[in-house]
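Visitor: build the 3D model from these lines:
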Amino acid sequence: MTELLEPNTRPAHTDPGTRVDSWLASFEDAMSRGDTAAASALFAPTSFWRDLVAFTWNLTTVENPDGVRDLLDAVLPDLAPHGFSTLEPPTETDGVIEAWIAFETATGRGKGHLRLTDEGAWTLLTSLRELKGHEEPMSERRPRGTEHGVVRGRRSWKEQREAEAAALGRTEQPYVVVIGGGQGGIALGARLRQLDVPAVVLDKHDRPGDQWRSRYKSLCLHDPVWYDHLPYLPFPQNWPVFAPKDKIADWLEMYTTVMEVPYWSRSTVTSARWDEAAEHWDVVVDRDGESLLLHPRELVFATGMSGKPNLPDLPGMDVFTGDQHHSSQHPGPEAYRGKRAVVVGSNNSAHDICGALWENDADVTMVQRSSTHVVKSDSLMDIGLGGLYSERAVASGMTTEKADLTFASLPYRIMHEFQVPLYEQMAERDADFYARLEKAGFRHDWGDDGSGLFMKYLRRGSGYYIDVGAAELVADGEVKLAHGQVSHLTEDSVVLEDGTVLPADLVVYATGYGSMNGWVADIIDQATADRVGKVWGLGSATTKDPGPWEGEQRNMWKPTQVPHLWFHGGNLHQSRHYSLYLALQLKARHAGIDTPVYGLQDVHHTA
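Guide: Numbering: from 1, shown residues only. A predicted model of the protein is given here:
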């Protein structure tokens, strides 16, 4: 066996590969002996271990040697971690060695990432990739598709799919019901299909992708194509960098068909309750006018990262004679040519809608209620994402899986430290733009600690705009700017608290969304929603992300305080990456594998 590395020491002459091999051998040896003190001593005094299901059946991060020891005391010895090795030669930069690793446990196989310093492990990522005995039917395990020979009564592939669809929800019950058939529900449905977990994805729209088709016609993804692949089936190499919303809609519909996702359109969940005696959910579904009762063991809310639209209740809304609606219901700008439009809000949707209205010759005013972080799209793509999700990243050998794991390897506690320098570069590159924007009166910020868009997204899911043109309209005065809260509406105007009167034929409330547990309150009950607590955010004690520190996204992709109730969503990147971990947790339960959860999240906020 490789000579074991003593805690917090290393021979000065050893190369990165030898040092990593020694650390892994020491770590594995200590765990095999149940010596959690020795294992935790291999971590630096300030250190972070992020585990994605592999050790904890949870998504959790522990900090420092004491946290490592607590985790190992809880999960050993039944886990039996072993087989730690490197996947490629480790590298060293500025005294930090980085290594991609593989390992196994009693139940699964995993991959991870290690950052090693002279003090020991600084960061460790461990992620479950597959369950032993339940591997996905891929590569050499792919299905044959047919049985050669002559067989009486054989059913074709189409007949088998039709029979399966006819039985689902009637003579055969799904193990998992997924509420929400956008990109999140579809990605999870594809994962569950590959893992042979009986499931159904429910959506109220007529066709997969209609969530995108129904939005205003100018809507495009603000994230680049390399960031947005779905599981198993990446976009083709001629796919546009920023996909138009109808193109995404068609892709989702095609993907649902090709990946054989059990998908019910025109299906609305009217209620759900847990039957304690039967140990399953009773889910009432209106499927195109037919009432069906489903009995899944597991229930997943895949309604995006956002909850119900925040529609304000303002005096005078009942007397306003023009059109008014939440941004999620905005039909597009065509009907408002030459009209006076007031858009309440200054984040992504507000800017997009203002830009589209301006393009259609509307007189547009944006009402900014609080400061907003704006970043130029080109700068974000180059500086913020280029190293992981870009054509140059692909050319350097960066795969989607490796990019996802690299991003995941940075613990949330210190992620802002890596983000601040990037946004300082963007501020310098686009200094003239920011000067013009602020001269126009736009209230701009870089986040509470200067860490920019990604941390705002992870902490609160709001407060930013990726500029694809509309912020230039604000900077140039083409889109007018007003500040403050709305006091009330009149028949033909919006009146702010300072008395400013904004004449209006159209009012768009780009006022954001509540927590996802709002859907739980509607479908199950308020008590269950409160047991779950707030969904999304890190507990960073920054604006709109109250503490205490959580360490991971609240309630997302992992067990909650309500057994058998899960949440899935986020952007396309998160829907792709984290759908794997949620699907593996669900598969393990379906297969009867013991899944003792370490670090079940406490509830600190109900909304």
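Visitor: can you check the pLDDT for the residue nearest to Ala350 when sequence neighbours are not counted?
Guide: In this structure, Ala350 finds its nearest non-sequential neighbour in Ala510, 3.7 Å apart by C-beta to C-beta, 6 or more residues apart in numbering. Where you see a C-beta, it was placed from the backbone N, CA and C, and this is true even at glycine. Per-residue pLDDT puts Ala510 at 96.
Visitor: number of residues surrounding Ala510?
Guide: The local packing of Ala510 (other C-beta atoms under 10 Å) involves 24 other residues.
Visitor: did I read that right, Ala527 in a helix?
Guide: Yes: looking at Ala527 with DSSP: H, G, I helix; E, B strand; the rest coil, it is inside a helix.
Visitor: what about it, distance to Gln561?
Guide: 12 Å (C-beta to C-beta, to the nearest Å).
Visitor: which regions of the chain lie under the pLDDT threshold?
Guide: Low-confidence segments of the chain (pLDDT under 70): 1-13, 305-307.
Visitor: now the terminal residues of stretch 302-309, how far apart.
Guide: 15 Å (C-alpha to C-alpha, to the nearest Å).
Visitor: same question, stretch 425-445
Guide: 15 Å.
Visitor: and the one helix or strand Pro421 maps to, what does it pack against?
Guide: Per DSSP states H and E, Pro421 falls inside helix 412-429. Packing partners of helix 412-429 (3 or more C-beta pairs under 8 Å, 6 or more residues apart in numbering; DSSP states H and E): strand 59-63, strand 373-376, helix 377-379, helix 452-459.
Visitor: save the ones you listed as TSV, and put in distance to Glu253 and mean neighbour count too.
Guide: Compiled in TSV, the helices and strands packed on helix 412-429 are given as follows (distance: least, C-beta to C-beta, whole Å; neighbours: other C-beta atoms under 10 Å):
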stretch	distance to Glu253	mean neighbour count
strand 59-63	30	23
strand 373-376	32	23
helix 377-379	27	17
helix 452-459	27	23
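Visitor: a markdown table for these, including distance to His280?
Guide: A markdown table is the format used below for these (distance: least, C-beta to C-beta, whole Å):
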| stretch | distance to His280 |
| --- | --- |
| strand 59-63 | 25 |
| strand 373-376 | 44 |
| helix 377-379 | 46 |
| helix 452-459 | 34 |
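Visitor: quick one: closest of those to Trp264.
Guide: Judged by C-beta to C-beta, the one of the helices and strands packed on helix 412-429 that comes nearest to Trp264 is strand 59-63, at 28.4 Å.
Visitor: about what we covered before: what's the first helix or strand after the helix holding Pro421?
Guide: helix 431-439.
Visitor: still on that earlier bit, and the angle from the helix holding Pro421 to helix 452-459?
Guide: 150 degrees (axes from the mean of the first three to the mean of the last three C-alpha atoms, to 10 degrees).
Visitor: helix 412-429 vs helix 431-439, what angle?
Guide: Going by the same axes, to 10 degrees, helix 412-429 is angled at 100 degrees with respect to helix 431-439.
Visitor: quick one: the helix or strand containing Glu401 to helix 452-459, angle?
Guide: Following DSSP H and E, one finds Glu401 within helix 400-408. Interaxial angle, helix 400-408 versus helix 452-459 (the same axes, to 10 degrees): 80 degrees.
Visitor: buried ones in helix 400-408?
Guide: Thr400, Lys402, Ala403, Asp404, Leu405, Thr406, Phe407, Ala408 (16 or more other C-beta atoms under 10 Å).
Visitor: and the second one, how far is that from Val394?
Guide: The spacing between Lys402 and Val394, counted by C-beta to C-beta, is 11 Å.
Visitor: do the same with the third one
Guide: Counting by C-beta to C-beta, the gap between Ala403 and Val394 amounts to 9 Å.
Visitor: which neighbours do those two share?
Guide: Common contacts of Ala403 and Val394 (C-beta atoms under 8 Å, 6 or more residues apart in numbering): Trp226.
Visitor: where exactly do the helices run in the stretch 151-300 of the chain?
Guide: Secondary structure of the stretch 151-300 of the chain by DSSP state H, counting those that start in this stretch: the helices cover 157-167, 183-194, 210-213, 245-258.
Visitor: dump the ones you listed to a markdown table, plus mean neighbour count and distance to Gly338.
Guide: Below are the helices of the stretch 151-300 of the chain laid out as a markdown table (neighbours: other C-beta atoms under 10 Å; distance: least, C-beta to C-beta, whole Å):
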| stretch | mean neighbour count | distance to Gly338 |
| --- | --- | --- |
| helix 157-167 | 11 | 49 |
| helix 183-194 | 27 | 36 |
| helix 210-213 | 20 | 26 |
| helix 245-258 | 18 | 25 |
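Visitor: let me have those helices in CSV, extended by distance to Gly469.
Guide: Formatted as CSV, the helices of the stretch 151-300 of the chain follow (distance: least, C-beta to C-beta, whole Å):
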stretch, distance to Gly469
helix 157-167, 44
helix 183-194, 24
helix 210-213, 20
helix 245-258, 16
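Visitor: for Leu584, find the nearest of those.
Guide: The closest of the helices of the stretch 151-300 of the chain to Leu584 is helix 183-194. By C-beta to C-beta, the value is 8.3 Å.
Visitor: what angle do the closest one and helix 245-258 make?
Guide: Going by the same axes, to 10 degrees, helix 183-194 makes 20 degrees with helix 245-258.
Visitor: how far does helix 183-194 sit from its chain's centre?
Guide: Helix 183-194 sits 14 Å away from the centroid of its parent chain (C-alpha atoms, centre = their mean, to the nearest Å).
Visitor: same deal with stretch 566-578?
Guide: Centre-to-centre, stretch 566-578 and its host chain are 3 Å apart (C-alpha atoms, centre = their mean).
Visitor: quick check: the spatially closest residue to Arg141 that is not a sequence neighbour vs Leu584, distance?
Guide: Distances taken as C-beta to C-beta, 6+ apart place Glu135 nearest to Arg141, at 6.2 Å, with adjacent residues excluded. Counting by C-beta to C-beta, the gap from Glu135 to Leu584 is 11 Å.
Visitor: which one's more surrounded, those two?
Guide: Between Glu135 and Leu584, counted using other C-beta under 10 Å, the more crowded position is Leu584 (26 against 15).
Visitor: in what helix or strand does the more buried one lie?
Guide: Using DSSP H and E, Leu584 sits in helix 572-590.
Visitor: tell me which strands and helices that helix is in contact with?
Guide: The helices and strands touching helix 572-590, judged by 3+ C-beta pairs under 8 Å, 6+ apart, are strand 120-131, helix 183-194, strand 298-301, helix 400-408, strand 565-567.
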